[in-house]
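*Asks:* quick one, what's the 3D model for this:
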Amino acid sequence: MDKVILHSDLNNFYASVECAVCPELRGKPLIVAGSKEKRHGIVLAKNEIAKSHGIKTGDTIWQAKQKCPALVAVPPHFDLYMSYSEQIFELYTEFTDLVEPFGPDECWLDVTGSMHLFGDGKQIADKIRAEIKNRFALTASVGVSFNKVFAKMGSDIKKPDATTVIDRDNFRSIIWKLPVSDMLMVGKKTAEKLDGLNIHTVGDLANADSGALTKLLGVNGMSIYKSARGEDTTPVRKYHLSREIKSVGHGMTAVKDITTEEDARTLILYLSDLIAARMRKYGVRGCGISVHVRYYDLSSESKQATMPTTCASSIIAEHALKLYLSIANKPARTITVTIFNLTHGDCQQLSFFGDDVEKAEKLDKAIASIRAKYGKKSVGLAAMIEQDFIYDKSDAEDFLPFKR
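*Replies:* Numbering: from 1, shown residues only. Below is the predicted model:
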């Protein structure tokens, strides 16, 4: 028996939440946009009306207003979006415990074991959409299929507020005619490589030579080949397992370009302090570190390395700065530091740096205790004094937008 898997995608999530909170915004072309002063003056999300004027995510505010002079722009409220996301995900668990998030506004649900309670896949999808609309004044598009890949593609076919069923009888007529770039795991570079094999649609991929795909793309070639043929068997994970933390990171676009080692050190110290605080909150340490740099000309570069297993901000900053200096070759606009290869609890890998790691972590804990008692700004970094290119960043702002 086939599984019954849904993929729910909240329509225009950020902009829709703004309209739900402020009903007077409904019926108006609306964008959620970052701060021009902090160099985030781009469209993060838009509603359907704004979209009809040709406004796209990533447009600058002035470009968007040229397309639609009556456009209303509101700042992002990430805490609000996270709150809505968490509440809606809890709603999903009323139908099944197999709920796997795919960002703040998308998730998969395996409802195979719930059909005796709520009906078939389409009926469950329609009930979920109705509950989202009634409780939160939002809409969702839901794909229903026998695997995760086709369910995800189904949710993209009809927008907004629709249910699309992709089954074994119709997937060839519906899915195979779509561009191959619509598939999961097929990004721009992969699509370009497939174009070299004259593969343009999902159907082309499904009927291609699997050996040639493996030779061209390795393991991923066989994976996308099977997915195109409806042979994806990836399970939907339980909600608590799918929320397991795999990495902890922070990134920031500075108010002005980073041109000196001292400015880079200051920003990295700040990011490392935030990362370390979150790692302590989650009870994790990490031994992998990566630094991603986006330059003033919007080109980017990244590098990763290993380090002693730790959650100490000073050690994170030390290794992050080394990575940054090894790749940075022009003014930087954005720096992102991420810690991965996480371990939970108090376990630490044995190393020659054991004492230094322990001392650094104890210092961080002492500072955290002072901040908890006297306020976040009671103890700060000396390097931050009189710096004008960094702004305080909340955890919620790590919910970075992607096609919202």
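
*Asks:* shaky segments in the protein?
*Replies:* Low-confidence segments of the chain (pLDDT under 70): 36-40, 240-244, 345-355, 357-358, 360-361, 363-365, 367-404.

*Asks:* which element is the residue nearest to the spatial centre of it on?
*Replies:* Nearest to the mean C-alpha position of the chain, by C-alpha atoms, centre = their mean, lies Gly103 at 5.0 Å. Assessed by DSSP states H and E, Gly103 sits outside every helix and strand.

*Asks:* for Asp9, see how far away it is.
*Replies:* In this view, Gly103 and Asp9 are 9 Å apart by C-beta to C-beta, to the nearest Å. Where you see a C-beta, it was placed from the backbone N, CA and C, and this is true even at glycine.

*Asks:* can you report phi and psi for the residue nearest to the centre of the chain?
*Replies:* Per-residue torsions, Gly103: phi 100, psi 180 (degrees, to the nearest 10).

*Asks:* kindly report the same for Lys3.
*Replies:* Torsion angles, degrees, to the nearest 10, at Lys3: phi -70, psi 160.

*Asks:* for it, which non-adjacent residue is spatially closest?
*Replies:* Take Lys3 and drop its neighbours on the chain: the residue closest to it by C-beta to C-beta, 6 or more residues apart in numbering is Thr112, 4.8 Å away.

*Asks:* so that neighbour makes contact with Phe95?
*Replies:* No - taking C-beta atoms under 8 Å as the definition, Thr112 is not a contact partner of Phe95, at 11.4 Å.

*Asks:* who has more neighbours, these two?
*Replies:* Counted by other C-beta atoms under 10 Å, Thr112 and Phe95 do not tie: Phe95 has more neighbours, with 19 against 16.

*Asks:* quick one: the more buried one and Leu109 touch, right?
*Replies:* Yes - between Phe95 and Leu109 there is a contact under C-beta under 8 Å: 6.5 Å.

*Asks:* what is in contact with these two at once?
*Replies:* Ile128 (C-beta atoms under 8 Å, 6 or more residues apart in numbering).

*Asks:* helix or strand: which one has Lys320?
*Replies:* For the record, residue 320 is Ala, not Lys. Element membership for Ala320, per DSSP H and E: helix 313-327.

*Asks:* and the next helix or strand after that helix, what's buried?
*Replies:* Counting by DSSP H and E, the next helix or strand C-terminal to helix 313-327 is strand 332-344. Residues 332-339, 341-342 are the ones in strand 332-344 that count as buried (16 or more other C-beta atoms under 10 Å).

*Asks:* how long is stretch 43-63 end to end?
*Replies:* One end of stretch 43-63 to the other measures 9 Å (C-alpha to C-alpha, to the nearest Å).

*Asks:* what's it in contact with?
*Replies:* 11-16, 19, 27-34, 36, 41-42, 64, 67-68, 71, 73, 76, 160, 401, 403-404.

*Asks:* in strands, which of these appear?
*Replies:* Residues of those located in strands (DSSP state E): 30-33, 73.

*Asks:* which one of the residues you listed is nearest to Tyr270?
*Replies:* Ala33 (24.3 Å; C-beta to C-beta).

*Asks:* show me what contacts that closest one?
*Replies:* 40-44, 61, 64, 73-76.

*Asks:* and with 6 Å instead?
*Replies:* Contact analysis of Ala33 by C-beta atoms under 6 Å, 6 or more residues apart in numbering lists 43, 61, 73.

*Asks:* format the residues you listed as JSON lines; extra columns: distance to Gly119 and neighbour count.
*Replies:* Shown next, in JSON lines, are these (distance: C-beta to C-beta, whole Å; neighbours: other C-beta atoms under 10 Å):
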{"residue": "Val43", "distance to Gly119": "39", "neighbour count": "24"}
{"residue": "Ile61", "distance to Gly119": "45", "neighbour count": "18"}
{"residue": "Ala73", "distance to Gly119": "42", "neighbour count": "18"}
